[in-house]
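J.: Here you go, sequence then predicted model.
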Amino acid sequence: MPSRREMTRKQLHKLVWSHPMRDAAATIPMSDVGLKKVCRRHGVPVPPQGYWNKVHAGHRVKTKALPPAKPDQPETFEIFAPAPLHGAVLESKKRALARAVEAAKLVPLEPMSEHECTALTRAALVKLQPDRRGALRLLGEPGVADILIWPEQLERGLSLLNRLCYAVERAGYRMALSRTSPAAIAVENEEVRFQITAHYARREQKRPPAEKWDWRKSGLGKALESQSYEPWRQWVFVPSGTLKLSLSGSYNAGLRCNWSDGISRRIDDQLPQVMAEIAAHAASLREKRLAEERRAAAAEEAARRREEAERIRRREGERRAFLEKRASAYARALELREFAAHLRATSRKHGSAALSAFLQWTDAHIQGLLASSSARAVHQDLTSTGLFDDD
C-alpha cells in the first residue's frame, strides 16, 4: 500500500537544500522526478543543476530562500509515496542488476551485428508512410518492436533497439517474437512489453490573417468557434532528438517504467538498470498471474460448492416429494379403508347391488394404494430413480 507522509513547506525546503535530490527523495521514499513535481506544486525552490558539484568542490553557494506561499499552496500537505518493493520482486531486481552490471562489462566496443528483432523492425518501418505528424508509427504489429519515431531518428532508434536486444540476451533473457503479438522480453514464463518513442514538441503553424478570416466567415467556422474549437489552427510536430524507452504490463507502483535520453546520459548507458527493472517487472507479473490463478481457483471452488449445495437441495426436494407421495398414498388407503368399513356397517339396512359393486371397486383401489406404498414397491421405485445411489 502507498505510504502517506505529512510535511510542511519549510521541511520540504530544508530537505531538498540539505541533500542531493535523489538522496532526499529516497528518504520519503519516491523518485527524484516526483519530488521535484511536489516542490513545484507547492512553490518550493530546488537547487539548480550543478549545485551539488560546486558544494562537493568546496565552492561557496547560495541557498534560495523559501518564498511566501500562494493562496492555493497550503503550508502543510501530504505526500503519497509508492509502497517499496519487497519479496520476490525486490530479490529479482537485485539479482538481475548484479548480472546486468557484469554483462555490461562484456559489451563489445565495435558495432554489433543486427539482431533478428531489429532486422524485422527495420523491414517493417521501411514500408511505412509517415503519419500526419510526420512520424513512423509501428505500434501493435505482430513480430516486431513497438516504435514511434521520426525518419531522421530511424538509425538512432534501431541502434537503441539493437543494443537492447543484445543486453536482454546477455542478461539471460530472450526476445519473444510472435506472429500474434508485438515483440516482448521473455523472462522465464513472463513477457514484458516495451516501446521506443521519440520526444517531440508541438508548434503552431502561423497562417495569414485573411485565411483565418475565411474560416471564421463560414457557418461551420462560427459554429466551431462557439465551442472553443479553432479548426483553422495548424500544428507542426518537431522531434526533439531524444528517445524514451518504456516498459508496460506491470502496474506495481514501486517499479520504474520509463527511461529517456538526458544531457549527460543516454538510454544506452542505463541498460544495466533497465535489465534489473525488467526482472522486477517479470517478477511482479508472475506474482500478479499467480494471484489471479489463486483467485480463479478460489472462485472455481466456490462455484463448485454452490453447485454441490444446489444439487443436494434439489435431491433433498426430490426425496421429500417421494416420501410425501408414498406416505400420502398410505394415509389415503387407511382413510378409504375406514370409509369402506363405515359403508359396510351401514349397508345392512340400505344394501344394494350397486353399493356392493362400489365396495368391491373401493377394496381393489385400496389394495392398489397399499401396494404402491409397500416396502417392495418403495424399493423398486428407489432403485429405478436412484434417489439414494450417492449415499
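T.: Structure's in. What do you need?
J.: what residues are up against A201?
T.: Each residue near A201 by C-beta atoms under 8 Å, 6 or more residues apart in numbering is listed here: F237, V238, S240. For the C-beta atoms, the positions are set from N, CA and C on the backbone; glycine is no exception.
J.: mind listing the helices for the protein?
T.: Assigned by DSSP state H, the chain shows helices spanning 9-16, 21-26, 32-41, 51-56, 87-104, 116-126, 154-170, 209-217, 219-225, 271-346, 353-372, 375-385.
J.: Quick check: pLDDT value at the spatially closest residue to R286 that is not a sequence neighbour.
T.: Distances taken as C-beta to C-beta, 6 or more residues apart in numbering put E190 closest to R286, at 5.4 Å, once the chain neighbours are dropped. As predicted, E190 sits at a pLDDT of 87.
J.: Report the beta-bridge partners for E190.
T.: Note on E190: beta-bridge partners V187, judged by DSSP bridges.
J.: Who are the contact partners of T121?
T.: L138, V144, A145, I147, L158, L161, A183.
J.: residues near R163, how many?
T.: Look at R163: counted by other C-beta atoms under 10 Å, it has 17 neighbours.
J.: Over to K64?
T.: Residues lying near K64 (other C-beta under 10 Å) number 13.
J.: again, but for A279
T.: The local packing of A279 (other C-beta under 10 Å) involves 27 other residues.
J.: ok, so what distance separates it from L387?
T.: Distance of A279 to L387, computed by C-beta to C-beta, to the nearest Å: 59 Å.
J.: Can you report how many residues lie near the closest residue in space to G140 that isn't next to it in sequence?
T.: Nearest residue to G140 in three dimensions, chain neighbours excluded: P182, at 6.1 Å (C-beta to C-beta, 6+ apart). The tally of other residues near P182 (other C-beta under 10 Å) stands at 21.
J.: Contact partners for P182?
T.: Counting by C-beta under 8 Å, 6+ apart, P182 makes contact with L139, G140, E141, P142, G143, V144, A145, D146, R193.
J.: just checking, H365 touches F339?
T.: No: taking C-beta atoms under 8 Å as the definition, H365 is not a contact partner of F339, at 11.1 Å.
J.: picking that back up, which one (most neighbours) among the contacts of A201?
T.: F237 (15 neighbours).
J.: ok, that one touching R137?
T.: No: with contact defined as C-beta under 8 Å, F237 does not count as touching R137 (11.9 Å).
J.: thinking again about what came up before, among the contacts of A201, pick out the one closest to Q153, please.
T.: Distances from Q153 to these, taken as C-beta to C-beta, are shortest for S240 (9.6 Å).
J.: Could you check how far that closest one is from N258?
T.: 15 Å.
J.: Check P130 too.
T.: As judged by C-beta to C-beta, P130 and N258 stand 24 Å apart.
J.: higher neighbour count, those two?
T.: N258 (14 against 11).
J.: quick one, what contacts that one?
T.: Contacts of N258 by C-beta under 8 Å, 6+ apart are K244, L245, S246, L247.
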